[in-house]
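Engineer: Below is the structure, and that's it, no one-letter string:
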C-alpha cells in the first residue's frame, strides 16, 4: 500500500496536478527581484541573469535550491537570503510571472 501511495504522489507531481503558479500573483511578489533582474525579468546589469521567458519549472527548481542552500556558486549567498522566506506557492507564482515575460 505504501508503494502505491508513493507512486500516486509521484504521478500527481510529475503530471502537473499540483497547483501551478499564478503569473498575476507573481507580479506582486517580484519587487525585490527587480533590483537585480529588472522589472520584467530583463536584467540591466550583465552580471545578473535575465529571467524573462525562462522555463517555469527551471525557475522553481532554482529558487527551491537557493532556499535550501543546495545551489552554490557566483552569488548564491545573496539568493539564499532572497529565497529563504518564500513559500512553495510564492516560488511557483514568481516562476510563472517570469516565464510569461518575453
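Structural biologist: Noted; the coordinates are in hand. Computed from a prediction, not measured in an experiment: that's the story for all the values here.

Engineer: from here on, contacts and neighbour counts on C-alpha atoms
Structural biologist: Fine.

Engineer: residues in contact with the residue sitting nearest the centre point of the chain?
Structural biologist: Nearest residue to the geometric centre of the chain (CA atoms, centre = their mean): residue 60, 3.0 Å. By CA atoms under 8 Å, 6 or more residues apart in numbering, the contact list for residue 60 reads 91-92, 95.

Engineer: Buried residues, the helix or strand in which residue 91 is found. List them.
Structural biologist: Secondary structure assignment for residue 91, by DSSP states H and E: helix 88-100. Neighbour-count burial for helix 88-100, counted by 16 or more other CA atoms under 10 Å, picks out 89-100.

Engineer: Against which helices or strands is that helix packed?
Structural biologist: Contact partners of helix 88-100 among helices and strands, from 3 or more CA pairs under 8 Å, 6 or more residues apart in numbering; DSSP states H and E: helix 23-27, helix 56-67.

Engineer: average pLDDT across that helix?
Structural biologist: Averaged across helix 88-100, the pLDDT comes to 98.

Engineer: which stretches of the chain have low pLDDT?
Structural biologist: The model of the chain has pLDDT under 70 over residues 1-19.

Engineer: go again using 90 as the cut-off
Structural biologist: Within the chain, the stretches with pLDDT under 90 are 1-19, 44, 74-75, 102.

Engineer: and residue 29, how many neighbours?
Structural biologist: Per other CA atoms under 10 Å, the neighbour tally for residue 29 reads 16.

Engineer: That one reaches residue 89, doesn't it?
Structural biologist: No - with contact defined as CA atoms under 8 Å, residue 29 does not reach residue 89; the gap is 10.9 Å.

Engineer: which residues touch residue 54?
Structural biologist: 98-99.

Engineer: so how many other residues sit close to the spatially closest residue to residue 79 that is not a sequence neighbour?
Structural biologist: The shortest distance from residue 79 to any non-neighbouring residue, by CA to CA, 6 or more residues apart in numbering, is to residue 66 (6.0 Å). For residue 66, the count of nearby residues is 21 (other CA under 10 Å).

Engineer: what does residue 55 give?
Structural biologist: Neighbours of residue 55 (other CA under 10 Å): 14.

Engineer: which residues does it contact?
Structural biologist: Contacts of residue 55 by CA under 8 Å, 6+ apart are 95, 99.
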